[in-house]
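Asker: make a model of this:
(2 chains)
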Amino acid sequence: MPEQAGQEQGGVLRLCFQRSLYHPEAIRATAARFARLATFEVEEIGQGQDGQKQDSQKQDSQEIRVRITGVPAALMARMEDEFCNHALFQTIQMGRA
Amino acid sequence: MSAEPLPNGMQIRADQREVQFTVSEELYPLEVIQGAAYLFLDRCYVWMDRPPLPEGERQVRLRLRTKQGREAGAGELEAMLEGMAGEFSNELLNQALRRSIGQSNARIREFIMARAFFAADGPSTVDRLLAELDAEEMASDPLEIQIPWSQGAEKKDA
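Answerer: Residues are numbered from 1 along each chain as shown, chains lettered A, B, ... in the order given. Purely as a prediction, here's the structure:
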């Protein structure tokens, strides 16, 4: 949740998404969409080998971490919310495609 | 306010304009939860994660932070957030029902679609057009192929 997942640390915002709930491509697409506003680093933690299908329990322990730097002060409060909403939107869209 | 605990581990935090609660994946599949969340994206900021649970149990924790109510008082906001969580629960049921109906109608839907595409009466318009062109081509005989050779020879002699 936001308290653990998104913490402002000297202008740096860190978000953490669970792989079983959010699609990594959706996170990357969201980062690309917001790239005009800040700098984004997306990292997958506990990633399996390419092409290997993983069960949902294993996916629960996997995370997608996003480090956002250079966020304008005026947008700092809204950045996390807007990023999460867009990431969820993209995930659902990708799931339905 | 009553001192009874709220259902589904619901926590209302009026100062953050947010409500948190959990949804069991045994009752509502992830697709249903996402379907409901999708409908709330325009009204609130939605965050999903999984609370730590014993192995085998699967739940999704949702946080809905309203985009409205910045000017509202704490009591009013609390009521609004509780209402929003209730609406979300209703939407979960709605989505689950839609999914269930969709699954039970899947075969009949496929059958109707297949029939519409492949079982149309008579030849298609393209086939009809090609047949028309073929007939026109056969009707014109610039090389007089359809005239018997004997008649052709008589014409030349005359």
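Asker: now do the buried residues in whichever helix in chain B runs longest.
Answerer: Assignment by DSSP state H gives helix B:74-104 as the longest helix of chain B. Within helix B:74-104, the residues that count as buried by 16 or more other Cβ atoms under 10 Å in any protein chain shown are B:77-78, B:80-81, B:84-85, B:88-89, B:91-92, B:95-96. Just so you know, the C-beta spots here come from the backbone N, C-alpha and C atoms, and that holds for glycine as well.
Asker: just stretch B:42-55 next, same as before
Answerer: For stretch B:42-55, the neighbour count (16+ other Cβ under 10 Å) marks B:44-50 as buried.
Asker: out of the residues you listed, which are close to chain A?
Answerer: B:45-50 (Cβ under 8 Å from any Cβ of the partner chain).
Asker: reformat the buried residues of stretch B:42-55 as a markdown table; add pLDDT.
Answerer: Output for the buried residues of stretch B:42-55, formatted as a markdown table (pLDDT from 0 to 100):
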| residue | pLDDT |
| --- | --- |
| B:C44 | 95 |
| B:Y45 | 96 |
| B:V46 | 96 |
| B:W47 | 95 |
| B:M48 | 95 |
| B:D49 | 92 |
| B:R50 | 91 |
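Asker: B:Q146 belongs to a strand?
Answerer: No - using DSSP: H, G, I helix; E, B strand; the rest coil, the assignment for B:Q146 is coil, not a strand.
Asker: re the thing from before, helix B:74-104 and the next helix or strand after the longest helix of chain B, what's the angle between them?
Answerer: Downstream of helix B:74-104, the first helix or strand assigned by DSSP states H and E is helix B:106-118. Compare the direction of helix B:106-118 with that of helix B:74-104 by axes from the mean of the first three to the mean of the last three Cα atoms, to 10 degrees and you get 60 degrees.
Asker: quick one: average confidence on helix B:106-118?
Answerer: In this model, helix B:106-118 has an average pLDDT of 85.
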